[in-house]
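Any chance you could fold what I've pasted below:
(chains A and B)
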Amino acid sequence: MSGKIKYKEIRRGIIEGRTYIIDLLLGKVSIVNTLSLQSPCLDFRGNAVSMKNIDAIKRIYKYGIKDDKVISKILMYSTVAMPNYFTIIPKLVNEGIELYKQGKLDKILEVVLGVKRLYSSFPKIDISKEDSITYALGLVLPRDIDFKKAWGELSETWKELIYYRLDSALRLLPASAEKIISQKDIKPLGDKVNIADIEPFFVDLAEWGKSIILEGNNLCIVGPLRSAKSSLANYIYSTVNSKDVSLLDYNNYDLLNLDKKIKLESKKYITVLTDDIFYSIPTECNLRPQIHFTKIITLYNFF
Amino acid sequence: MRRIFKAKHIEEMLSDKDKVFIGGLPFSGKTTLINKFYNKYKNEGIQFIELPKKFNSVDELNEWKNKI
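Residues are numbered from 1 along each chain as shown, chains lettered A, B, ... in the order given. This is a model prediction of the structure:
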């Protein structure tokens, strides 16, 4: 590769950067003057590099780790999911493997699953100024942890991902969150994390589904017969772990009844539907397929 | 929404655009992917620019805005 080139004008080129930096430089977002948690900017768009779950699983296998439970935990350590995007971070897969070998993975996972909430469900609280940052971070950290100790044990990679999320969600000058966090004391106030028992293949999808639900949406999983829709729905359900969500696994063709069921539903719901049922639903049901399984089926061929 | 990028997609994008932006989260494999592109396609005329990760001031950010 030609490396960094000093240039005056780009004629033809590849410009690499973090999504928020690209958005700032292209003028798609701008920096705010007053910090606030009231309207965080959580969009994620443009060309984004992603790593597939299956590639991460292959990498973990290469290190001789074949226990499904361990693989899933390494994947949980390294998956980042937002309502409109998810990926596995390659560098975190290596770290997860190393932490497992050192016997430290379970403990650090309790902190990591907490801070990941900054991505899956950014706190929506009416607070402004510099407190926004410390409060947002405090709200996702499980309240029984000692902040200094936990922060000291967290990898630089994870810290960087936290700074990045705070900078971009609160539209700060990149590197601001890092400066503020290093000067302030953080008080963990968040709920304890729940480590769900998920098959490795479903970890990233389950986390993605969870963040769609936590964003306040209903989730509709559509796909052909026997494509593991119900398994995924159950994994998402157990990952969300909330009484405010119900599971609507619908496997008959009584559409009027389905319409009624959906309208009666007072909670957020996860619906599971086969393609043919989904496409014959009256539009007023207002179901949107967020997870369409035909795409996922093609991934199965890699096994 | 989510698409898995491969080196050949960069090639495709460059065929109808002069500037291609490759973004993502920190440590998501951006440089690895771009390296693959350069190794595979040996495109001499294509510049590579890596954007800074941090800025010390708004002026510094604006300078970069003008460059892009």
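
Next up, the contacts around the one residue in chain B that gets nearest to chain A.
Proximity of chain B to chain A (CB to the nearest CB) peaks at residue B:51, 3.0 Å away. In this view, the C-beta of every residue, glycine as well, is placed from N, C-alpha and C. Residues in contact with residue B:51 (CB atoms under 8 Å, 6 or more residues apart in numbering or on different chains) are A:15-18, A:21-22, A:25, B:64.

Next step: those restricted to strands.
Secondary structure assignment by DSSP state E places A:15-16 of these in strands.

Between the contacts of residue B:51, which sits nearest residue B:17?
When the contacts of residue B:51 are compared for distance to residue B:17 (CB to CB), residue A:15 comes out closest, at 10.9 Å.

My understanding was that that closest one contacts residue B:68; is that so?
Yes - Residue A:15 sits in contact with residue B:68 when judged by CB atoms under 8 Å, with a separation of 6.8 Å.

With neighbour numbers in mind, choose between the two.
For residue A:15 and residue B:68, the more surrounded residue by other CB atoms under 10 Å in any protein chain shown is residue A:15, and the numbers stand at 22 against 15.

bridging residues for the more buried one?
Partner residues in beta bridges with residue A:15, using DSSP bridges, are residue B:21, residue B:49.

what kind of secondary structure is residue B:66 in?
Of the three states, residue B:66 takes helix according to DSSP: H, G, I helix; E, B strand; the rest coil.

Could you tell me how many residues sit around it?
Taking other CB under 10 Å as the definition, residue B:66 ends up with a neighbour count of 7.

One more: residue A:148?
When counting by other CB under 10 Å, one arrives at 10 neighbours for residue A:148.

In three-state terms, label it for me.
In terms of secondary structure, residue A:148 is helix; the call rests on three-state DSSP.

Could you do residue A:123 as well?
Reduced to three states with three-state DSSP, the structure at residue A:123 is coil.

What score does residue B:44 have for pLDDT?
Reading off the confidence values, residue B:44 has pLDDT 71.

isn't there a strand covering residue A:60?
No - under the criterion used here (three-state DSSP), residue A:60 is helix, not part of a strand.

quick one on the thing from earlier: which residues are common contacts for residue A:15 and residue B:68?
Listed as contacting both residue A:15 and residue B:68 by CB under 8 Å, 6+ apart are residue B:19.

returning to what we had before: make TSV out of the contacts of residue B:51 and add distance to residue A:110.
Supplementary listing: the contacts of residue B:51 in TSV, determined by distance: CB to CB, whole Å:
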residue	distance to residue A:110
A:15	38
A:16	34
A:17	32
A:18	27
A:21	31
A:22	33
A:25	37
B:64	39
